[in-house]
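Q: Provided below for reference: sequence and predicted model.
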Amino acid sequence: HHWLTEQQFLDAVAVAMTTPGPVVIPVGFIGNLVAGVPGASVAALATFLPCYLFTVIPAPYFSRIAKNQSVKFFVEGITAAVIGALAGAVIVIATRSIVDIPTALIALASALTLVYTKKIQEPYIILIAALLGIMLKSFFI
């Protein structure tokens, strides 16, 4: 519907990735751009309320459900699907946001850090990317 420019979408995803929690955090931002505070409120409620209800209502039955073999297989399948969807989203966003040598170098450094360092916290990745960006800016601009 052309609610956002490509840059606004990338900015929303970038902000969402710096916060703990789900990647759907940009819904409030997008809702705000489309219809102000009411749009942000409706978008956030429509996104988070069903998840909350699907978590709170079955919580008393969780221990019994969690032992069910079919449920375990279902969860494993969903987990694989989510990983695939996230990988696809990373590829799409990367092809649109890596537009020059500095951003390619930042992406490469971030990817190598993630591959060769186990359990690195997100703030460190952001700090490394920021420092690399500052260094690259002084060389390329």
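A: Nice, I can see it.
Q: In contact with Ala46, which residues?
A: Val27 (Cβ atoms under 8 Å, 6 or more residues apart in numbering). Yep, even glycine has a C-beta here, placed from its N, CA and C like the rest.
Q: so which helix or strand takes in it?
A: Ala46 belongs to helix 26-56 when assigned by DSSP states H and E.
Q: Skip ahead from that helix and say which helix or strand is next.
A: Toward the C-terminal end, the helix or strand that comes next after helix 26-56 (DSSP H and E) is helix 62-66.
Q: in the next helix-or-strand element following that following helix, what counts as buried?
A: Downstream of helix 62-66, the first helix or strand assigned by DSSP H and E is helix 69-97. For helix 69-97, burial by neighbour count (16 or more other Cβ atoms under 10 Å) applies to Ser97.
Q: tell me the mean pLDDT over helix 69-97?
A: Averaging pLDDT along helix 69-97 yields 88.
Q: Off-centre distance for the next helix or strand after it?
A: Note on helix 69-97: by DSSP H and E, the next helix or strand toward the C-terminus is helix 101-116. Its chain's average C-alpha position is 17 Å from that of helix 101-116, according to Cα atoms, centre = their mean, to the nearest Å.
Q: How about stretch 28-40?
A: Worked out by Cα atoms, centre = their mean, stretch 28-40 lies 19 Å from the chain centre.
Q: do you know how far the residue nearest to Lys72 when sequence neighbours are not counted is from Pro60?
A: Nearest in space to Lys72, with sequence neighbours left out and distances taken as Cβ to Cβ, 6 or more residues apart in numbering, is Ala66 at 7.7 Å. From Ala66 over to Pro60 the distance is 12 Å, taken as Cβ to Cβ, to the nearest Å.
Q: just Gln69 next, same as before
A: 21 Å.
Q: Same question for Ile78.
A: Separation of Ile78 from Pro60 (Cβ to Cβ): 22 Å.
Q: Give me the mean pLDDT for the helix holding Ala46.
A: In this model, helix 26-56 has a mean pLDDT of 88.
Q: ok, Ala109 - contacts?
A: Contacts of Ala109 by Cβ under 8 Å, 6+ apart are 128-129, 132.
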